[in-house]
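Asker: Model the following, please.
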Amino acid sequence: MSDENIEKIILYHLIFANEELKLSEEDFAFEKNKQIYRAIKELKKREEEVNVISIKNIINPDSTEILTYISNLVEHKYGTSLEFAYKTLKTMTKKRKLILLANALEREVPNELEIDSYIENQIKKLNEMNADTTKQETLQDILLETMEIIEKKMKKTYEENYFTGIFDLDDVTNGLHREELTVIGARPGMGKTSFALNIAEKNANKNFLVGFVSLEMSKTQIIQKLISKVARVDSNKLRTGKLEEAESIKVIEASNKISNLKLDITTEAKSIQDIEIYAKRKKNKENLGLLIIDYLQLITNKEKTQTREQEIASITRSLKLLSLELNIPIITLSQLSRNSSNSKPTLTDLRESGAIEQDADNVIFLYKENEEENKVVEDITLDLQKQRAGGLVTTKVRFDKKYSTFVNLEMKR
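Answerer: Here you go, the predicted structure:
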C-alpha cells in the first residue's frame, strides 16, 4: 500500500469516524493531505464540527476539487485497520526524519569541533524520534472495549462470527475469528477443497466478500464443485455434460444462486506477494472479510530462502501478519507429510515446516480411519488439534463426493 493511501486512510478516520489520534503536520508528506489536516486541526481549535463542507470552506470555499477529493476518501474505508495504518504512518514519519538527520550529519560532521557534544545532541534527537507513537490506550480503555464486546455477544448483536457449518466445531470455536490464521490439513482425497468451499459458500452471502485463492484447480473446476453442491447434481455428470432435463433445470437455478454470492475466485495469485496484493486490493475496494487459500505448499515466495522449510515458514508468518493487518480470518489448506497416511495425523505431520503449527491460531485435520477404503459417501473425522483461544474437539462429518458436500451426522440445530 502506498504512502499516500496510508495518509488517506488516516484522514478518512479523522473526518468520517471522528477518531482522536496523536498527529502533527509532519506526519503528512503529500501537500493536499497536509492541507486537509491543517483544516481539521483549525476546526477542532475553533470547536467547530469537522465535515466535508467545513474543511472545504477553510481551504477554499469555491473549490469543488477539494470537495471531490475529500468525498473520495470514503473509498479507503476498508484499506486496512486503523491501528495498522496509524503505525505505518508514524513509521513513514520516522523514516523522513532519519533521512533529514542523515543529510544533516553528512553536511555538519566534517566541520564539527565539539564532536562528543554533537554526538550527544544527535542521540537525544534519535531518542525523541523513537518515542512511543502508538495510539494511546490505557488499561481502562482496553477493559471497557472488551466489556462492550462481551455485552454485545450476550445480546447477540456482535457480528464477527464466520461459522463453518459443522456444529460441534462451531460450538467449541464460536466460529472463525478476525486476525486468526486457520490451517486445515489433510491427505489427498479427504475433501479439503470441498470443505473449504462449503465454508466459503456459507459465508459469501454476508455483508463482506469471501476471497478464494486456488493454486491447484481452475476457476471452472471450482464453480463446478459449487454447482454440484448447490444443485445436488452428480459432479461427474457436470464434467461429462450427461444431464437429464430435471438436472439441467437444477443447474440453472443453482447458477443463479451462486451468481449472487459475494465470492471472488482467483487462480492468478501464485506467490505470497501476489496473495498479499490481491487481499489488500479486495479489502480496499470490496470489503474482503474472509480469505481462503488452496493450498499452502503450492505457494511460492519471491524472496530467496535457503530451504523449502524456511520458505514455508516465511509464507505462514506472512499470512498470519496479513490476517492482523486486514483484520480478517484467513484459512489455508495444507498437505500432510506422507508418514501421516493410515494413522491419526498430529501437528508434526504438517508438511514441510514446524512453523505452520507455530503461526496458526487453529489447526484442523480431516482424516478417515481406513484410508484404503474409497466410497462415494464416507464418514470423515474432523479433529481440531489446536485452538489458541479455546478448547479442542473431535467429531465425525459425512463427505458426499458426488455432491462435494460435507454435512453434520447429527442435526443439532
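Asker: going forward, measure contacts between C-alpha atoms and count neighbours the same way
Answerer: OK.
Asker: which residues of the stretch 51-200 of the chain score low on pLDDT?
Answerer: Residue ranges of the stretch 51-200 of the chain with pLDDT under 70: 79, 131-142, 145, 149-150, 152-160.
Asker: Could you pull out the helices in it for me?
Answerer: 52-59, 64-71, 82-108, 115-129, 139-154, 167-173, 192-203 (DSSP state H, counting those that start in this stretch).
Asker: try the stretch 251-400 of the chain
Answerer: Under DSSP H, counting those that start in this stretch, the stretch 251-400 of the chain gives helices at 272-286, 308-326, 355-359.
Asker: worst average pLDDT in those?
Answerer: Sorting those by mean pLDDT places helix 355-359 lowest, at a mean of 81.
Asker: Let me have the helices of the stretch 251-400 of the chain in JSON lines, adding distance to L384 as columns.
Answerer: What follows is the helices of the stretch 251-400 of the chain, written out as JSON lines (distance: least, C-alpha to C-alpha, whole Å):
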{"stretch": "helix 272-286", "distance to L384": "26"}
{"stretch": "helix 308-326", "distance to L384": "19"}
{"stretch": "helix 355-359", "distance to L384": "12"}
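Asker: And those helices: which comes nearest K34?
Answerer: Nearest of the helices of the stretch 251-400 of the chain to K34, taken as C-alpha to C-alpha: helix 272-286 at 22.2 Å.
Asker: Can you report how many residues lie near A39?
Answerer: 19 (other C-alpha atoms under 10 Å).
Asker: That one contacts I55, correct?
Answerer: Yes: between A39 and I55 there is a contact under C-alpha atoms under 8 Å: 5.7 Å.
Asker: So for L350, what's the nearest residue that isn't a sequence neighbour?
Answerer: Of all residues not flanking L350 in the chain, L336 sits nearest, at 4.9 Å (C-alpha to C-alpha, 6 or more residues apart in numbering).
Asker: Kindly give the local confidence score, pLDDT, for the one you found.
Answerer: 84.
Asker: Distance of it relative to N161?
Answerer: 28 Å (C-alpha to C-alpha, to the nearest Å).
Asker: Quick check: which of the helices of the stretch 51-200 of the chain is buried the most?
Answerer: Mean neighbours per residue, mean count of other C-alpha atoms under 10 Å, is largest over these for helix 192-203, with a mean of 22.
Asker: which helices and strands does it pack with?
Answerer: Secondary-structure packing of helix 192-203 (3 or more C-alpha pairs under 8 Å, 6 or more residues apart in numbering; DSSP states H and E): strand 181-186, strand 209-214, strand 288-294, strand 330-335, strand 405-408.
Asker: Just put these in CSV and tack on mean neighbour count and distance to L144.
Answerer: Below are the helices and strands packed on helix 192-203 laid out as CSV (neighbours: other C-alpha atoms under 10 Å; distance: least, C-alpha to C-alpha, whole Å):
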stretch, mean neighbour count, distance to L144
strand 181-186, 27, 26
strand 209-214, 24, 30
strand 288-294, 24, 25
strand 330-335, 24, 27
strand 405-408, 20, 38
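Asker: Of the ones you listed, which is nearest T93?
Answerer: Per C-alpha to C-alpha, nearest to T93 of the helices and strands packed on helix 192-203: strand 288-294, 28.4 Å.
Asker: Can you dump the C-alpha atoms of the closest one in PDB for me?
Answerer: Extracted in PDB, the C-alpha atoms of strand 288-294 (Å, rounded to 0.1, in the frame of the first residue of the first chain):
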ATOM      1  CA  LEU A 288     -12.800  -8.500   1.900                       C
ATOM      2  CA  GLY A 289     -14.000 -10.300   5.100                       C
ATOM      3  CA  LEU A 290     -12.600 -13.900   4.700                       C
ATOM      4  CA  LEU A 291      -9.700 -15.200   2.700                       C
ATOM      5  CA  ILE A 292      -9.300 -19.000   1.800                       C
ATOM      6  CA  ILE A 293      -6.200 -20.400   0.100                       C
ATOM      7  CA  ASP A 294      -5.900 -23.800  -1.600                       C
END
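Asker: That strand pairs with which strands, and in what direction?
Answerer: strand 209-214 (parallel), strand 330-335 (parallel) (DSSP bridges).
Asker: Looking at these, which is nearest to V109?
Answerer: V109 lies closest, by C-alpha to C-alpha, to one member of the strands paired with strand 288-294: strand 330-335, at 50.1 Å.
Asker: now the closest one: how far from the chain's centre is it?
Answerer: Distance of strand 330-335 from its chain centroid, counting by C-alpha atoms, centre = their mean, to the nearest Å, is 13 Å.
Asker: can you check stretch 237-246 too?
Answerer: Using C-alpha atoms, centre = their mean, the offset of stretch 237-246 from its chain centre is 37 Å.
Asker: circling back to that earlier point, quick one: the strands paired with strand 288-294 as TSV, columns for distance to L319 too.
Answerer: Shown next, in TSV, are these (distance: least, C-alpha to C-alpha, whole Å):
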stretch	distance to L319
strand 209-214	13
strand 330-335	7
